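Peer 1: predicted structure and sequence below. I'll ask about it afterward.
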Amino acid sequence: MTKRVLVVDDQREIRAPLREFLQGRGHEVVEADSARAARDAFLAARPDAVLLDYELPDANALELIPRLRELDDAVPIIVVTGHATIELAVQAMREGAEYFLTKPVQLSTLAVVLERIFENSKNRRARLASEARDSRGAFDPFIGVSAAIRSLRAEVEKIAPSDRPLLIHGETGAGKGVLAAWIHRHGPRSGEAFVDLNCAGLSRELLESELFGHEKGAFTGATAGKPGLIEVAHQGTFFLDEIGDMDLAIQPRLLKVLDDHQFRRLGSVRDRSVDVRLIAATHQNLAAAVQAQKFRSDLYFRISTLQLRLPSLRQRREDIVFLAQAILRSFAAELGREMALAPDAVEALTGYAWPGNIRELRNVLERSVLLAEGSSLHGRDLRFDSEALLARPAPPEAAGHTLDERERRHIEEILRAEAWRVAEAAKRLGVSRSALYRKMKEYQLRRP
């Protein structure tokens, strides 16, 4: 992937051969001839590395490095000088320089240094990404034989090589995050970080800080600067789950990232550059949300260039056994034991409606494996989250009802059974409290 290098030297005859060499290796070059110009270019261009001459007309490298470090301490800096001493090299390293080279610069040496720097930066971003999210592992989102999953895979294989924004539609728990991670691993940014953030249930202030980061003193308790997850995902993929829950006031800032590749940390007046591929997901009808003025139309059109629809588990019942076997093998391996599905367990699993989709399937199997005895999982071992949704002939009063109407009726029944205690009802339904609150709002369900 193309890297951007900021070359800072007040002599054009020195910058020119460096520019030619770097461009010949496929890199983008930004130039500056003074400390002031270097600082401005650093802010505007978000370079992947800085090649900095020690002596500039308005400052030296020891004075400039701390200023650049205040703007972004993750960008590696290489200091170049014609008057090298061990003392000067030590001082430069103490200020934050990664390498110290002498003039005239040996281009072969510079190539090795840059390669090492870029590899280290890539590893650092990957480490930050790992710390910032729960790992989703490498679970295959296409397990099964259904026409729905085969059709989805065919669509995804066409879309994965693209770098355009992608919107994934699907019910809660259907595996949107797993699908996004798979697309990242098989896309042009596979060697870079995959960072995810769920917008559901986050306040505007917390979501804004998580997305864009903040400067020291930006708000009470901000004792140090912190990079946002968009910044951590630089050159990789940023997955925004439940984007329909994003506060309207934040949406223009996300649009600026997509259109201009720029953002500002909270408490900062400086724009920072970032390069990410956005994959967004939602269980909501965003087109309807746009009509209701609950979601910005310009952002919707920007993120929906490419769209996928992930089928629910009840729309791919023939895949349930295959998914259950794969999940069961994973759990059994972790526990160091063998476990197989008995015929009555298969019957129970395929006869259940799975309102929580694959996430609920994982929960049911994990709980059942821990409580089961022996090497076979039987129907009696399965503990479902909502026995009321076991598949059976629909009662006469449900005939002709749409799926949404039946879902509303079921949620209301569970809420009444749990005396309108949302936490308990959410557990029985196999969903999060925030998801249940959204459904209650959607269906206008209120405690009598």
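Peer 2: Perfect, thanks for sending it.

Peer 1: in terms of helices and strands, where is the residue sitting nearest the centre point of the chain?
Peer 2: The geometric centre of the chain, computed from its C-alpha atoms, lies nearest to Asp196 (Cα atoms, centre = their mean), at 2.2 Å. Using DSSP states H and E, the element containing Asp196 is strand 194-198.

Peer 1: so the closest residue to the residue nearest to the centre of the chain other than its chain neighbours: helix, strand or coil?
Peer 2: Sequence neighbours aside, Phe239 is the residue nearest to Asp196 in space, at 4.0 Å (criterion: Cβ to Cβ, 6 or more residues apart in numbering). All C-beta atoms are positioned from the backbone trio N, CA, C, and that covers glycine. With DSSP: H, G, I helix; E, B strand; the rest coil as the basis, Phe239 sits in strand.

Peer 1: please enumerate the helices of the stretch 51-200 of the chain.
Peer 2: Applying DSSP state H, counting those that start in this stretch to the stretch 51-200 of the chain gives helices spanning 61-71, 86-95, 107-132, 147-159, 176-185.

Peer 1: quick one: the first one to chain centroid distance?
Peer 2: A distance of 31 Å separates the centroid of the chain from that of helix 61-71, by Cα atoms, centre = their mean, to the nearest Å.

Peer 1: where in the protein is pLDDT low?
Peer 2: Residues of the chain that meet the criterion pLDDT under 70 lie in 1, 84, 125-138, 336, 385-406, 430, 448.

Peer 1: for Leu349, grab the count of nearby residues.
Peer 2: When counting by other Cβ atoms under 10 Å, one arrives at 23 neighbours for Leu349.

Peer 1: just the strands in the stretch 151-300 of the chain please.
Peer 2: Taking DSSP state E, counting those that start in this stretch as the criterion, the stretch 151-300 of the chain carries its strands at 166-169, 194-198, 213-214, 226-227, 237-241, 262-263, 272-273, 277-282.

Peer 1: for the ones you listed, which one sits closest to Arg94?
Peer 2: Closest to Arg94 of the strands of the stretch 151-300 of the chain, according to Cβ to Cβ: strand 226-227, at 23.0 Å.

Peer 1: which residues does that closest one contact?
Peer 2: Strand 226-227 is touched from outside by 74, 128, 209, 213-214, 265, with contacts defined as Cβ atoms under 8 Å, 6 or more residues apart in numbering.

Peer 1: quick one: strands adjacent to that strand?
Peer 2: Sheet partners assigned to strand 226-227 using DSSP bridges are listed as strand 213-214 (antiparallel).

Peer 1: only the C-alpha atoms, please, for stretch 349-363, written as PDB.
Peer 2: Output for stretch 349-363, consisting of C-alpha atoms alone and laid out as PDB, is shown next (Å, rounded to 0.1, in the frame of the first residue of the first chain):
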ATOM      1  CA  LEU A 349     -32.300 -26.900  17.600                       C
ATOM      2  CA  THR A 350     -34.000 -26.900  14.200                       C
ATOM      3  CA  GLY A 351     -37.400 -26.500  15.700                       C
ATOM      4  CA  TYR A 352     -36.500 -23.300  17.600                       C
ATOM      5  CA  ALA A 353     -37.200 -19.800  16.200                       C
ATOM      6  CA  TRP A 354     -33.900 -18.200  17.200                       C
ATOM      7  CA  PRO A 355     -35.000 -14.600  17.800                       C
ATOM      8  CA  GLY A 356     -31.400 -13.800  18.800                       C
ATOM      9  CA  ASN A 357     -29.900 -15.500  15.700                       C
ATOM     10  CA  ILE A 358     -26.400 -17.000  15.700                       C
ATOM     11  CA  ARG A 359     -25.500 -15.100  18.900                       C
ATOM     12  CA  GLU A 360     -28.300 -16.800  20.800                       C
ATOM     13  CA  LEU A 361     -27.300 -20.200  19.200                       C
ATOM     14  CA  ARG A 362     -23.800 -19.700  20.600                       C
ATOM     15  CA  ASN A 363     -25.100 -18.800  24.000                       C
END
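
Peer 1: and it, what's buried?
Peer 2: The neighbour-count check on stretch 349-363 (16 or more other Cβ atoms under 10 Å) flags 349, 352-363 as buried.

Peer 1: ok, which pair from these is furthest apart?
Peer 2: Ala353 and Arg362 (16.1 Å).

Peer 1: for Ser146, what are its contacts?
Peer 2: Under the criterion of Cβ under 8 Å, 6+ apart, the contact list for Ser146 reads 311, 316-319.

Peer 1: give me the subset of the buried residues of stretch 349-363 lying in helices.
Peer 2: Counting by DSSP state H, the members of the buried residues of stretch 349-363 that fall within helices are 349, 357-363.

Peer 1: what is the burial count for the closest residue to Asp259 other than its chain neighbours?
Peer 2: The shortest distance from Asp259 to any residue other than its chain neighbours is 7.2 Å, reached at Arg302 (Cβ to Cβ, 6+ apart). Counted with other Cβ under 10 Å, residues neighbouring Arg302 total 18.

Peer 1: in this structure Arg302 contacts Leu255, no?
Peer 2: Yes - between Arg302 and Leu255 there is a contact under Cβ atoms under 8 Å: 6.1 Å.

Peer 1: let's have the buried residues of stretch 349-363 in TSV, adding distance to Ile14.
Peer 2: What follows is the buried residues of stretch 349-363, written out as TSV (distance: Cβ to Cβ, whole Å):
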residue	distance to Ile14
Leu349	69
Tyr352	71
Ala353	70
Trp354	66
Pro355	66
Gly356	63
Asn357	60
Ile358	58
Arg359	58
Glu360	63
Leu361	63
Arg362	59
Asn363	62
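
Peer 1: between those residues, which is nearest Glu418?
Peer 2: Each of those was scored against Glu418 by Cβ to Cβ, and Pro355 proved nearest at 15.1 Å.

Peer 1: where exactly do the helices run in the stretch 301-448 of the chain?
Peer 2: When secondary structure is read from DSSP H, counting those that start in this stretch, the stretch 301-448 of the chain shows helices at 320-335, 343-350, 357-371, 403-417, 422-429, 433-442.

Peer 1: who are the packing partners of the third one?
Peer 2: Right, the one you point to is helix 357-371. Based on contacts counted as 3 or more Cβ pairs under 8 Å, 6 or more residues apart in numbering; DSSP states H and E, the elements that helix 357-371 packs against are helix 320-335, strand 376-377.

Peer 1: next one: the longest one
Peer 2: Under the contact criterion of 3+ Cβ pairs under 8 Å, 6+ apart, the helices and strands touching helix 320-335 comprise strand 340-341, helix 343-350, helix 357-371.

Peer 1: just name the most buried of the helices of the stretch 51-200 of the chain.
Peer 2: Greatest average neighbour count among the helices of the stretch 51-200 of the chain goes to helix 176-185 (a mean of 22), per mean count of other Cβ atoms under 10 Å.

Peer 1: tell me the angle that helix makes with strand 237-241.
Peer 2: Orientation of helix 176-185 against strand 237-241 (axes from the mean of the first three to the mean of the last three Cα atoms, to 10 degrees) gives an angle of 170 degrees.
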